[in-house]
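Asks: structure, please.
(7 chains)
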Amino acid sequence: MEAISHAGAAVGVLSKEGVVLAAEKKIMSKLLETSKTTEKMYKLDEHIAAAVAGITADANILINAARLAAQRYMFTYDEPMPCEQLCQHLCDTKQGYTQFGGLRPFGVSFLFAGWDKHFGFQLYQSDPSGNYGGWKATAIGANNQAAQSILRQDYKEDISMDEALKLVVKVLNKTMDSTALTADKLELSSVTRDASGKVVYHVYTEEELTPILEAANAAAAAAEESSS
Amino acid sequence: MEAISHAGAAVGVLSKEGVVLAAEKKIMSKLLETSKTTEKMYKLDEHIAAAVAGITADANILINAARLAAQRYMFTYDEPMPCEQLCQHLCDTKQGYTQFGGLRPFGVSFLFAGWDKHFGFQLYQSDPSGNYGGWKATAIGANNQAAQSILRQDYKEDISMDEALKLVVKVLNKTMDSTALTADKLELSSVTRDASGKVVYHVYTEEELTPILEAANAAAAAAEESSS
Amino acid sequence: MEAISHAGAAVGVLSKEGVVLAAEKKIMSKLLETSKTTEKMYKLDEHIAAAVAGITADANILINAARLAAQRYMFTYDEPMPCEQLCQHLCDTKQGYTQFGGLRPFGVSFLFAGWDKHFGFQLYQSDPSGNYGGWKATAIGANNQAAQSILRQDYKEDISMDEALKLVVKVLNKTMDSTALTADKLELSSVTRDASGKVVYHVYTEEELTPILEAANAAAAAAEESSS
Amino acid sequence: MEAISHAGAAVGVLSKEGVVLAAEKKIMSKLLETSKTTEKMYKLDEHIAAAVAGITADANILINAARLAAQRYMFTYDEPMPCEQLCQHLCDTKQGYTQFGGLRPFGVSFLFAGWDKHFGFQLYQSDPSGNYGGWKATAIGANNQAAQSILRQDYKEDISMDEALKLVVKVLNKTMDSTALTADKLELSSVTRDASGKVVYHVYTEEELTPILEAANAAAAAAEESSS
Amino acid sequence: MEAISHAGAAVGVLSKEGVVLAAEKKIMSKLLETSKTTEKMYKLDEHIAAAVAGITADANILINAARLAAQRYMFTYDEPMPCEQLCQHLCDTKQGYTQFGGLRPFGVSFLFAGWDKHFGFQLYQSDPSGNYGGWKATAIGANNQAAQSILRQDYKEDISMDEALKLVVKVLNKTMDSTALTADKLELSSVTRDASGKVVYHVYTEEELTPILEAANAAAAAAEESSS
Amino acid sequence: MEAISHAGAAVGVLSKEGVVLAAEKKIMSKLLETSKTTEKMYKLDEHIAAAVAGITADANILINAARLAAQRYMFTYDEPMPCEQLCQHLCDTKQGYTQFGGLRPFGVSFLFAGWDKHFGFQLYQSDPSGNYGGWKATAIGANNQAAQSILRQDYKEDISMDEALKLVVKVLNKTMDSTALTADKLELSSVTRDASGKVVYHVYTEEELTPILEAANAAAAAAEESSS
Amino acid sequence: MEAISHAGAAVGVLSKEGVVLAAEKKIMSKLLETSKTTEKMYKLDEHIAAAVAGITADANILINAARLAAQRYMFTYDEPMPCEQLCQHLCDTKQGYTQFGGLRPFGVSFLFAGWDKHFGFQLYQSDPSGNYGGWKATAIGANNQAAQSILRQDYKEDISMDEALKLVVKVLNKTMDSTALTADKLELSSVTRDASGKVVYHVYTEEELTPILEAANAAAAAAEESSS
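Replies: As a prediction, this is how the structure comes out:
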């Protein structure tokens, strides 16, 4: 679990209209091929996504297992796998690796964001030992204590998607080791529903990130001023 | 077993009319999504429930095994699994993990509360090594010694459900590390039978908890006074 | 085996008319649900019972195995399993756990009391390593040395069931760590045959125990007097 | 093998007319049920018997394996299993437990006494490592060095059964730790053939032992006298 | 991973028109039979190749597994395996060897260069723990830090194949431990598409390498001059 | 291999007319039943025999495996197994026990003496690690260095069976720890062919050994004299 | 690999007309039966042979595996197994023994000499870790550094078989620990093709070796002279 605390942070906030996931990119290089894949965000199924903190290779294994489980459920019951069931499926796998000899526990924490017809939008956090819980807003990885303290202060029950976006950016901004949050250091995604009720998983492009970041920086500056 | 002693306490009291389980919540945050799930209470089958002290991820595995065993019994014999049989099934599993090499014993203690047609309402306690026993009132987790001593003093053979509710609250109140027991720190559930004889597992909401807690605090204050 | 020496004592005495088993209860609490189960006595089959000293969870596993073996024998040969065969079956299992790597030996000693048509009433003692032997009177658990020395002094070849009952009570009384033997600290059972020749396993209730204990205490007092 | 040297001694002597096995009982108690079983003598088949020194629980396992092998041989070839073949079968099993990881070697030495149509009466000795050899007279267990030295002195090629009986008693008498050999400390058995050629395994009762012991003691006294 | 840092360097650069892989040969001897095989370049399938840094024997195993996976995919879906899928397949295998007891992790890093219809030309880098990522230009093995810093400086988004060839040669030239890069110390290969759209994997011969090296040396000299 | 150097010596000499094997008996007791079995000589098949130095129990296992392999070969190909093939079969088994974890290597060296139609009379030596080689004369066990040095001095290419017999006796005589070689300390066997071409394995009886030993001792005395 | 450096040296040289393998015999004794087998040379199939440095017992296992693989290939494809494929087959086996727990890596290096229709005559060298490579001339075992340095000096691209023979003898002569190379210390073999194109594996007899050695010694003397 020590390793997870040093991994890049990931933050999730649950609102009535959807769930927002944000993560700090650790590996930044203009040589990195970034157009295709996200570093820490994974779509598990149409209605559920995950953000990861920890060892990427371990995460890949679990993400594959999760996708397979989701497809199997869909195949068997002809409806999307409930979010908590998928979350618990992964956590039981993790738990097994802590109990049997000759196995190394998985070194990854997850944030799961999803929607199902039973409980609507949901946000779960799991740790390497296989514990998990449902949260309204939470953070994993580096400085998660500081992040959760900010979330506790600023989270409102009736938070809107826009406010949630601003909140996760603010949290990452304040808890990152680097001085300023730029669009290339940030991964941001959301799980929402469109007009027809279909669940939509959206990864923000750099173009979409820029105005959000500017607004966040402006707000931070304003807050600074007002507090000084 | 050391780990169990530091886990949040859980208390169970058996009365003629039903069984009461109570547990102290350790993780409290207004960000926690609390509407759906209980932290330490699990319904195993229609007629039996459990309270847990220890590692949640381990508990999840055993709870799943218990639910499966209960369903299989129902399927095979077309009647609910007797409480002690379900309890022993889990304990034998636990025992196996202490005897074979390359396995970590399960780090959880359980309280089982249930009703069956053979012995009526029953309360069992099991520890990580797989030992179990039937009790009229008992406690697991942090300060279970102190809790059991209070139970010994205050338990009456013909205790009513109302008195049992008050007793478990009193026990948690006196043995918790935190100063005052509030509704958000408490999980309370009961196994009773309704007018038609059907077994009912009920988890108390915060609204239902408040009057009970107030009465308990009033009683505690009165007791303090009278003793001073 | 160290663990067994500290476990609660169990004593068995063989007479022409039957076998008597007695054990000291270690866990005593008025909160314990005592009506249903005995702590250290197990009925293995209609014609054979066992008393246990050691780890209860381990004993449960072996007791289940013994019951299964007895039922299988009955099913295959349509007659009760001979006592020694059942005893050796358990001992071979125990032996296996001492010889193979990665396994913890079972931490239980047993007294087996039974009747079969080959050798009549029989009393066997087994230890955790899988050794066993037939005895006329023997003791396992705490202070078994002292207990056996008393048995050697007081045992007569033609002991009656009544005398056997008194003898086991006397032995437990003298070797227990606690000062006085009371009905709630004692488990007493007998294997006898009724008028029709059917083997009867009987567990004494507290009501039945009281006169026996009183007689024993009176005898002890008388002995004290006469010796002083 | 250290453990074997401290185990109760067993002595075997081969004569033209049969084989004599004798062993010292270590556990002596008038409470021991002695009527049914011998402590260290086992009948493996109609024509072969064994005496044991070492861990009884280990011996039980091997004895069962030997009986099974003997029955299988009889079933397959419709004639008794040759003595050496049975002996080697057990020794190969023992050898395997010394060579593979995660297994504890069997802690028992055996004396095998038998008759087959190939080599007549035979006496074999095996040790825990799986070595074995054919002997005219040999000893295992405590003080086997001293016992073998006496055997070397007193053994004659054309020894009669009576002389063999006296010899084994003399050897045990001289090498036992306890002062005097009495009938309850001695187990004595013989493999001979009756008039019809049938192989007979006979365990001596206490009544049969007494005259033999008395004669031995008289002879010892006489020897003492003559040597002084 | 320490071992990988000392292994011979390998560099890869992605351009619009193709991918270039270059590696430094560590074993140089005029006795080495060089006509048939490359030391660090492997063709995995028609459309994908790999460069290796680390233990050759380990690489052989993984390369075989990759070729098999690619053929199986082709057999099943009748189209070439997507590059990233092949890359992840190998990385999942690698990850497994880090998590299970009794296994040594594979000591190899890979550069994968390939083309598929989904994402065009692609360049992936994987490390022994099973992490991987898509890159525009990257280096593995000895001095990969220095190499990546040069790549960051000189890489342009719209780099041509010719420029890419020059770049990899320049990088190897500057980061090699030996003083001057000669044709016999260099392995160079490219993945491009010909006029008909077919993917072509080409390994440069010494004859083809010489002009490239001369140009590179000339450029280096010129750069030296201009900077002095 | 240390253990083998202390084991009783065995010597083999190959002549045109046959092979001679000789071994020193370590266990000597007039109580040992010697008529039936040899201590260190084994007949593997009609045409091949072995002498052993090391742990007898290990040797038994390998000897059985060899006999089985020889019979299987005979059954499959209807001709005797070639000597070297049988030798290598055992050596491959031995090698396996040195390479895999959790197994103890076999602690035995062998001399194989045999005849087959491919290479005539042959003598092989194998050690516990599974190495083997063909020899004209060689020695294993205690003092094998000294023995081989004598063999080197005295062996002639065209040695006759009689001379070979004398040579092995001389070698054992000079290298044994005990002062004088007597018939009961010696095992001697030969593999030759009779007039009809049948291979004959002969173990020398004590009667046959005596003249050979006497001749050897006379020769030794004469040599002593002539050298003084 | 340490062990391999002390093993007897083996040298291989590839010419247009064939491949020459030479090895130094370590075990020399006039008692060794040398007519039948070579100590370090193995024929794997009609078209491929190997020279070995290291543990002979390990080599036997791998050589058998290689022969089996070659026969299987022939059976499946009805043409000889390509040399490199056979070489890699063995190397993959070796690699596996370095990666999995509980196994000892094979302690042997190989030189493979062969001919196939794809690449003509070929010479491969493999080490215990499973690495291998194609060489024109190379050496394994003791003093392989010195041997390779001589090979580098004297090897010519268009070397003839006669010159190759002289070269390997010269290399062994200069790098052996013993003072002079004699015919009984040398194993020499060649893989060539006869007039009909058939691949011929030839092991040189002592008679054939003598003129080669004499020529080599004369050349060495001449070189000495000219250099002095």
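Asks: chain G contacts on chain A?
Replies: Counting by Cβ under 8 Å from any Cβ of the partner chain, no residue of chain A lies close to chain G. The way it works is simple: take the backbone N, C-alpha and C, and place the C-beta from them, glycine included.
Asks: so is stretch A:84-94 next to chain E?
Replies: No. In terms of Cβ under 8 Å from any Cβ, no part of stretch A:84-94 sits within range of chain E; the closest distance is 11.7 Å.
Asks: what's the next secondary structure element after the lowest-mean-pLDDT helix or strand in chain A?
Replies: When each helix and strand of chain A is scored by mean pLDDT, DSSP states H and E, helix A:2-6 comes last, with a mean of 64. From helix A:2-6 onward toward the C-terminus, using DSSP states H and E, the following helix or strand is strand A:10-14.
Asks: partners of whichever helix or strand comes after that next one in the sheet?
Replies: Later in the chain than strand A:10-14, the nearest helix or strand by DSSP H and E is strand A:18-24. Sheet pairing of strand A:18-24 (DSSP bridges) gives strand A:10-14 (antiparallel), strand A:186-193 (antiparallel).
Asks: how far is the shortest one from where the chain is centred?
Replies: Relative to the mean C-alpha coordinate of its chain, strand A:10-14 is positioned 5 Å out (Cα atoms, centre = their mean, to the nearest Å).
Asks: which residues are contacting that strand?
Replies: Here strand A:10-14 makes contact (Cβ atoms under 8 Å, 6 or more residues apart in numbering or on different chains) with A:19-24, A:40, A:51-53, A:109, A:111, A:113, A:121-123, A:125, A:135-141, A:147, A:151, A:155, A:159, A:164, A:167-168, A:171-172, B:33.
Asks: of those, just the buried ones, ChimeraX syntax please.
Replies: For the buried members of those, the matching ChimeraX selection, counting by 16 or more other Cβ atoms under 10 Å in any protein chain shown, is:
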select /A:19,20,21,22,23,24,40,51,52,53,109,111,113,121,122,123,125,135,136,137,138,139,140,141,147,151,155,159,164,167,168,171,172 /B:33
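Asks: could you list which of the contacts of strand A:10-14 belong to strands?
Replies: Residues from the contacts of strand A:10-14 lying in strands, with DSSP state E as the criterion: A:19-24, A:51-53, A:109, A:111, A:113, A:121-123, A:125, A:137-140.
Asks: what helices or strands is the helix or strand where residue A:219 lies leaning on?
Replies: Element membership for residue A:219 (DSSP H and E) is helix A:206-227. Contacts defined by 3 or more Cβ pairs under 8 Å, 6 or more residues apart in numbering or on different chains; DSSP states H and E place helix A:206-227 against helix A:161-175, strand A:186-193.
Asks: what residues are bridge-paired with residue A:20?
Replies: residue A:13, residue A:190.
Asks: residue contacts, it?
Replies: The contact partners of residue A:20, by Cβ under 8 Å, 6+ apart, come to A:12-13, A:113, A:161, A:164-165, A:167-168, A:188-190.
Asks: try residue A:206
Replies: A:183-184.
Asks: mind checking pLDDT for it?
Replies: Looking at residue A:206, its pLDDT reads 83.
Asks: how far away is it from residue A:213?
Replies: Look at residue A:206 and residue A:213: by Cβ to Cβ, to the nearest Å, they are 10 Å apart.
Asks: what residues does chain A put near chain E?
Replies: Residues of chain A lying near chain E (Cβ under 8 Å from any Cβ): A:27, A:29-34, A:36-37, A:39, A:55-58, A:60-61, A:64, A:97, A:101-104, A:106.
Asks: if we can go back for a sec, Serialize the contacts of residue A:20 to JSON lines and add fields for pLDDT and distance to residue F:117.
Replies: Converted to JSON lines, the contacts of residue A:20 look like this (pLDDT from 0 to 100; distance: Cβ to Cβ, whole Å):
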{"residue": "A:12", "pLDDT": "95", "distance to residue F:117": "82"}
{"residue": "A:13", "pLDDT": "96", "distance to residue F:117": "88"}
{"residue": "A:113", "pLDDT": "96", "distance to residue F:117": "80"}
{"residue": "A:161", "pLDDT": "93", "distance to residue F:117": "92"}
{"residue": "A:164", "pLDDT": "94", "distance to residue F:117": "90"}
{"residue": "A:165", "pLDDT": "93", "distance to residue F:117": "90"}
{"residue": "A:167", "pLDDT": "93", "distance to residue F:117": "92"}
{"residue": "A:168", "pLDDT": "93", "distance to residue F:117": "87"}
{"residue": "A:188", "pLDDT": "93", "distance to residue F:117": "84"}
{"residue": "A:189", "pLDDT": "94", "distance to residue F:117": "80"}
{"residue": "A:190", "pLDDT": "95", "distance to residue F:117": "85"}
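Asks: from those residues, which single one is nearest residue F:90?
Replies: For the contacts of residue A:20, the residue nearest residue F:90 by Cβ to Cβ is residue A:113; the value is 65.3 Å.
Asks: wouldn't the closest one be in contact with residue A:47 here?
Replies: No. Judged on Cβ atoms under 8 Å, residue A:113 makes no contact with residue A:47 at a distance of 9.8 Å.
Asks: which residues do the two both contact?
Replies: residue A:191.
Asks: most neighbours per residue, which of the strands paired with strand A:18-24?
Replies: Most buried of these by mean neighbour count (mean count of other Cβ atoms under 10 Å in any protein chain shown) is strand A:10-14; its value is a mean of 29.
Asks: what's the angle from that strand to strand A:120-126?
Replies: On the basis of axes from the mean of the first three to the mean of the last three Cα atoms, to 10 degrees, strand A:10-14 is oriented at 150 degrees to strand A:120-126.
Asks: and the pLDDT for residue A:162?
Replies: Residue A:162 is assigned 91 on the pLDDT scale.
Asks: re earlier: with distance to residue B:83 added, can I get the contacts of residue A:20 in CSV?
Replies: Converted to CSV, the contacts of residue A:20 look like this (distance: Cβ to Cβ, whole Å):
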residue, distance to residue B:83
A:12, 40
A:13, 43
A:113, 39
A:161, 48
A:164, 46
A:165, 50
A:167, 47
A:168, 47
A:188, 50
A:189, 47
A:190, 47
